[in-house]
Each structure stands twice: as C-alpha cells, then as structure tokens.
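S.K.: Need a 3D model of the following:
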Amino acid sequence: IAEDHKQSYGLDLAATSTACNLGTGFYYACGSRISGQNHTKASGRYCTGSGDSTEYFTGGGNTLDFNSTDIILLGNSGATNTIGFNVGDWTWNCRAFYYYLPDETKWLVYWLHQQNPTVNSATSSTAAKTHIINGDVHILKGKLYNSYTDSDRTGVGLTYGDTTIYADAELNLDVTTSVNDHVDCSFHSITTKADGTFSATPKTTNITDGSGAGTWGLKNGGTFTHNDGTIRTTSSEGTVHLQANTFYNITVDMSDSTKQTKFRDNSGNTVTIAGDLTIAEGKFIRDNVSDTLTVTGDVEIESGGTLGHAQETGASNFRSIYVKSGGTYIAPTGTTTVTGNNGSYVGLKLENGGTLTHNAGTFQFDSSGETWITSDTNNHDIPFYNLIINGPGIYTNKPDIVCDNNLTVNAGKLLRPYNTHNNFTIKGDAKISGTLGKDAWGLNEPGKAAVSFGSLEILSGGTYTATQQTTTINGGFHNNGTYTHNGGTIEMGGTGSVV
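M.R.: This next block holds a predicted model:
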C-alpha cells in the first residue's frame, strides 16, 4: 500500500496468506478485520471510524506490529452500545491506542461467547482470550466494557500499557452477570482523571510497572470502584504508588524484597482495605507517614515481605495479622489495633513467626470476642512497647510476653495465658481494671511462668490472679481491687519498692 493517506469502507485482511504492510501514512477504515498474518505499519495513524453496526475490530491469533503507529477507535453515533472488539488472543505493538465515542453515555464491548475462564482461586481467573496492547491506552470519552452484559458472554482479559481514563470516560471490568465470568486484567499503570471512572474486575487487577518517573501504579483523580477485587503490584520499579481512599484486597508481590509499594489516600488521611492485605514480596509503606491504615480483613506478611517503616506515625487497624517466617512488621509509633472478631477465634490473632518491631508504639487488642497472641512453631517472642487490652478474651499461646513499657487491662476485659508456663515481663507500669492471669498459671512449672512488673496497680474492680511461681515487682504494688496469690510468691525488687 502506498505511503499516503488511505480511506476505505472496511479493511479485511483475515484471509490473506501473507502479511500486509500498511505503510506510514494515515489509514481510515469503517471496520477492520485484520487477523490472519502478523501485519505491519511503521508509523502514522490507523483509525477505525464507525464499525459496520456489529463490530469495529475483528481479529486474533496474530500480532499487529504497528511500531510508532497510533491506533484509533473513533465511535460513530449510529454504531454504539454494541460490539467494539470481536477478538481472539490478539497482540498490538503500537505507540498508543485512543478510544473516543460521541458522548459519555455510549458504550462498546469486547465480545467473547461461551468461552469460560479458568478459575485459579476465589480472587483470580484467567480469561479464555486476551487482548494485549503494548503501548499507552487513552480512553478519552465514552464507556469501554471488557464483556457483554448477558450470561452467555465472559470477560476478555485485558493487558494494557500505561492507561489513562479521562473526564466523561469509563473503563468497566465488572460487567458480566455471573461472578464466574470475571477475569484477571493487567496494566502497566492506571490513571483516572477528574470525572473519569475505573471500575475494577472483581478478580485481580495486576499493576506490572508504573507510569514514568512518578511510578504511579494506580492514580485515582476521579472515581475508582474496587468491586471486591484485588489490586496486585508486581512491578520491578523501585517504588510504585497506589492512590484511593478504599480498596478491597491488596497483594504486594514486587520483583524483590527491596521494592516498595506506597499507598496514599485521595482525601481524609485514611486508606481502607475492606478485604485482606497480603505482602508476598517487597515493602508496603505509607506515602504520608501520618495516614491511618485500616484493614477490615486479615494481614499476612510472607517471607521477603515488609509492612511499615520506622518513620511512620499513623494508626494501623487490622482484623488480624500474621507475620510469617522471613516476614517483617515494623509498627508505627502510633497505635496498632487488632480488632479481632465477633465470635469464633479461629484465625483471628496476632501471630509472629518472623520479625516484629514495636517501634515504641502501642498495640491495642480491641475485639468483641476471643483473640489470640501467638507465634509459629519456633516460639518467637512478641515484643510490645505499650500494650492495651480492650477485649473480653485475649489469650497468649506459645510466646512469652515482653512489654518494654506499660500494660493496661481495661475494665471488663481479660488477658490470660493459655499455657501454664508463659512468662510475662512488663518493664513499665501495669494498670489492671479488668482481669490478668488464671488459676493454673505456673502449676507444676518450676523455673517457668515468671512474671515481672515495673509497678503493679490493681484498680477498683480489677483482678490479678498471680502465677503459682514468682511475681517480681520492681516498683510500687497498689491493690485497690482483687489480688489472688494462687500459692505463688511476690518478690519486691529494686530500690524504693512500695506495697
């Protein structure tokens, strides 16, 4: 084809036996069937401009090597709310793809008929067909759906480069009527401008890179809807930023343990993860050190994963947190609250099998049911600075409790060892308005179940049921509640001990 401007009603290359070279100029076609061979275009623009009332692009099973060419879908007002892409597995290598419909209410869809995705897990499904665009994607106006809306159609997996969604534009990956039809999608990055909308897949959205020097993985300046899906960062960039007030699940799975995913809010100084946070590899840290992080589900930090850094001051709220072997939790200097549960204690806990750094912050257990403080099979100690018990049943299992500063057990609340041999070391002041200890603590455990306090104050209504071994108090001992000696020994240590 000569290297000048071309226009045709449609371009059909599906049946060609050799690859076509579309030159360097501007090519305009009403509809494009460009499957078959690996067709090429060196530069310029390729525009599909109206469709034939059923589809704008048809293709798949091949690669378009369009190099420095911009590919454009320019929607016609008489051919919208219909099929935009009827594709198989298709790869476009281009400079950019531009999507523009006549107004913000119009939409086009990817068409995939009765080809079910492969379900990998509750949060991940691999699409039967994938459209790969190795270039920037600009959704300028109108709505783009990765599936038709009826029950016989399933989602097409989108793998896009740096993607920008502008005002009056929407990318919607939550269209199909069955949860089993949703699929994983991947983007180098996603930027939503003011009045733009990104509606994420209920499965997994992979952020594979970051947008330029700013390393934006997800930059939300418009509307982001998580749809109970997972945002997963897999970048090899040094730092990738995620911005939204609310996510559902986040998985950090960077290329190595030194790479960072930073989170920040749009407004209000709080980022909420309404599901679970999993840190498989890399660091997950605040961009604004004073922001509050709330995870209403569970936090799991695997080997090579780190949550937090020493300069963070904002509060952290978790349903439970599990630091696995090789994982690290660096608490903020503010308060880490474990909210626990409303019933069964199974899986709801603070468990340390790796490295837990209290960072001179406060841990507060604030559940309405039983919650456990425990460790893995290697019996890692759990070091606290300040520890506040504000739940009706907080139990320590395998680890010894070391509190480098103060312990507070509030009225009507309970802290007790599950095992009879647990040691408690409270280096600062212990104020007991609720209940600390249990009857069998230290039973037949000579040399174990040692308890020590910088000072101990049993307030009115409070109870200390002592270990049957030795309780050492290095400062004052004030009993205005109930002290049960339990057959154990009180040893007053230090200078100026007062009873």
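S.K.: quick one: Pro399 and Asp376 touch, right?
M.R.: No. Judged on CB atoms under 8 Å, Pro399 makes no contact with Asp376 at a distance of 9.5 Å. The way it works is simple: take the backbone N, C-alpha and C, and place the C-beta from them, glycine included.
S.K.: Please identify which of these two sits among more neighbours.
M.R.: Pro399 (23 against 16; other CB atoms under 10 Å).
S.K.: who touches that one in this structure?
M.R.: Asn352, Ile373, Thr374, Ser375, Asn379, His380, Asp381, Ile382, Asn422 (CB atoms under 8 Å, 6 or more residues apart in numbering).
S.K.: want to throw those into TSV with distance to Phe284?
M.R.: Shown next, in TSV, are those (distance: CB to CB, whole Å):
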residue	distance to Phe284
Asn352	17
Ile373	23
Thr374	23
Ser375	22
Asn379	27
His380	21
Asp381	24
Ile382	20
Asn422	31
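S.K.: Make TSV out of those residues and add neighbour count, pLDDT and secondary structure.
M.R.: Shown next, in TSV, are the contacts of Pro399 (neighbours: other CB atoms under 10 Å; pLDDT from 0 to 100; DSSP: H, G, I helix; E, B strand; the rest coil):
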residue	neighbour count	pLDDT	secondary structure
Asn352	27	89	strand
Ile373	26	87	strand
Thr374	20	84	strand
Ser375	22	81	strand
Asn379	13	68	coil
His380	20	74	coil
Asp381	15	74	coil
Ile382	22	81	strand
Asn422	24	83	coil
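S.K.: Find the residues that touch each one of Pro399 and Asp376.
M.R.: Asn352.
S.K.: Give me the distance between the two termini of stretch 468-478.
M.R.: 20 Å (CA to CA, to the nearest Å).
S.K.: In it, which of the residues would be classed as buried?
M.R.: Along stretch 468-478, these residues count as buried under the neighbour rule (16 or more other CB atoms under 10 Å): Gln468, Gln469, Thr470, Thr471, Thr472, Ile473, Asn474, Gly475, Gly476, Phe477.
S.K.: Also stretch 301-314?
M.R.: Applying 16+ other CB under 10 Å to stretch 301-314 flags Ile301, Glu302, Gly304, Gly305, Thr306, Leu307, Gly308, His309, Glu312, Gly314 as buried.
S.K.: Run through the residues that contact Asn266.
M.R.: Per CB under 8 Å, 6+ apart, neighbours of Asn266: Asn220, Gly221, Gln243, Ala244, Asn245.
S.K.: Swap in 6 Å and give it another go.
M.R.: If you count contacts by CB atoms under 6 Å, 6 or more residues apart in numbering, Asn266 has them with Asn245.
S.K.: And what about it, helix, strand or coil?
M.R.: Recorded secondary structure, Asn266: coil (DSSP: H, G, I helix; E, B strand; the rest coil).
S.K.: So what sits opposite the closest residue to Ser35 other than its chain neighbours in the bridge?
M.R.: Spatial nearest neighbour of Ser35, chain neighbours left out: Gly59 (3.8 Å); criterion: CB to CB, 6 or more residues apart in numbering. The partner list for Gly59 in beta bridges (DSSP bridges) reads Val87.
S.K.: so how many other residues sit close to Gly59?
M.R.: The burial count for Gly59: 25, using other CB under 10 Å.
S.K.: can you check Phe263 too?
M.R.: Per other CB under 10 Å, the neighbour tally for Phe263 reads 25.
S.K.: just the CA coordinates of the helix or strand hosting it, formatted as PDB?
M.R.: If you go by DSSP states H and E, Phe263 is part of strand 260-264. C-alpha atoms of strand 260-264 as PDB (Å, rounded to 0.1, in the frame of the first residue of the first chain):
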ATOM      1  CA  GLN A 260       8.200  -0.600  47.600                       C
ATOM      2  CA  THR A 261       4.500  -0.200  47.100                       C
ATOM      3  CA  LYS A 262       3.400   3.100  48.700                       C
ATOM      4  CA  PHE A 263      -0.200   3.800  49.500                       C
ATOM      5  CA  ARG A 264      -1.900   7.200  49.900                       C
END
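S.K.: partners of that strand, with directions?
M.R.: Partners of strand 260-264 in its sheet, by DSSP bridges: strand 239-243 (parallel), strand 277-286 (parallel).
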